[in-house]
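K.L.:
sequence-free structure coming up:
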């Protein structure tokens, strides 16, 4: 039997239950605003793109990147790039960078946490060159050995840092969302 958020996403026409995680986080922290330029890393199947399109309106723009295809999204202000985030050179500046990336889990908790940390760090490095001054960041990471190290790196870059496990996350999940608001000026 499917859980509440899976049923709700299907009833409301969203591609993934994760859309409610983004909506709950954004409601609390106001990360995505009308007119924003959004980079969505790990955007497949497209649920976060759908939610972001609602938030940015017609004046904003979204670029989504994933190694897997997204489901059909008919929007003039969305561009999909099929690529590995860790290998692609991203050229652009964004108001917010989102990452809901997760590794294919193996069942080996330590290995899965390590791979999640690597993906989160890749997303954070993209912020270094592609996020506007005072821009925002939202990233999923599995809790584990390197989780505190990731938080420390986010705190170096952002004026405001919080963590949140939204209500829409499954209770047994080790995922945590790290929110970084107001990117600090880059040190020369």
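P.N.:
The structure has been received and is ready for your questions. Note that the structure is predicted; figures quoted are calculated from it, not measured.

K.L.:
ok, the nearest residue to residue 84 once chain neighbours are set aside - contacts?
P.N.:
Of all residues not flanking residue 84 in the chain, residue 67 sits nearest, at 5.3 Å (CB to CB, 6 or more residues apart in numbering). Every residue, glycine included, has its C-beta placed from N, CA and C. Counting by CB atoms under 8 Å, 6 or more residues apart in numbering, residue 67 makes contact with 44, 82-85.

K.L.:
how about residue 132?
P.N.:
So residue 132 contacts 93-95, 183 (CB under 8 Å, 6+ apart).

K.L.:
longest helix in the chain, please.
P.N.:
helix 109-130 (DSSP state H).

K.L.:
what helices or strands is it leaning on?
P.N.:
Based on contacts counted as 3 or more CB pairs under 8 Å, 6 or more residues apart in numbering; DSSP states H and E, the elements that helix 109-130 packs against are strand 37-41, strand 94-99, strand 131-142, helix 147-157, strand 175-183.

K.L.:
who's in contact with it?
P.N.:
Here helix 109-130 makes contact (CB under 8 Å, 6+ apart) with 39, 41-42, 85-86, 90-94, 97, 99, 101-103, 105-106, 135, 137, 139-147, 149-150, 153-154, 157, 174, 178, 180, 183, 186.

K.L.:
again, only this time at 7 Å
P.N.:
39, 41, 85-86, 90, 92-94, 97, 99, 101-103, 105-106, 137, 139, 141-142, 144-146, 150, 153-154, 157, 183 (CB atoms under 7 Å, 6 or more residues apart in numbering).

K.L.:
stretch 22-39 too?
P.N.:
The contact list for stretch 22-39, computed with CB under 7 Å, 6+ apart, reads 48, 51-52, 55-57, 59-63, 94-98, 130, 136, 138, 164, 166-168, 177, 179, 181.

K.L.:
what subset of those is buried?
P.N.:
When those are checked for burial by 16 or more other CB atoms under 10 Å, the buried set is 48, 51-52, 55-56, 60-63, 94-98, 130, 136, 138, 164, 166, 168, 177, 179, 181.

K.L.:
state the pLDDT value of residue 48.
P.N.:
Per-residue pLDDT puts residue 48 at 96.

K.L.:
now the one 4 residues further on
P.N.:
Note on residue 52: pLDDT of 97.

K.L.:
which outside residues touch the strand or helix carrying it?
P.N.:
Assigned by DSSP states H and E, residue 52 belongs to helix 47-56. Contact with helix 47-56 is made by 9, 14-16, 18-19, 22-23, 26, 32, 34-36, 38, 40, 43, 62, 64, 70, 73, 75, 78, 98, 100, as judged by CB under 7 Å, 6+ apart.
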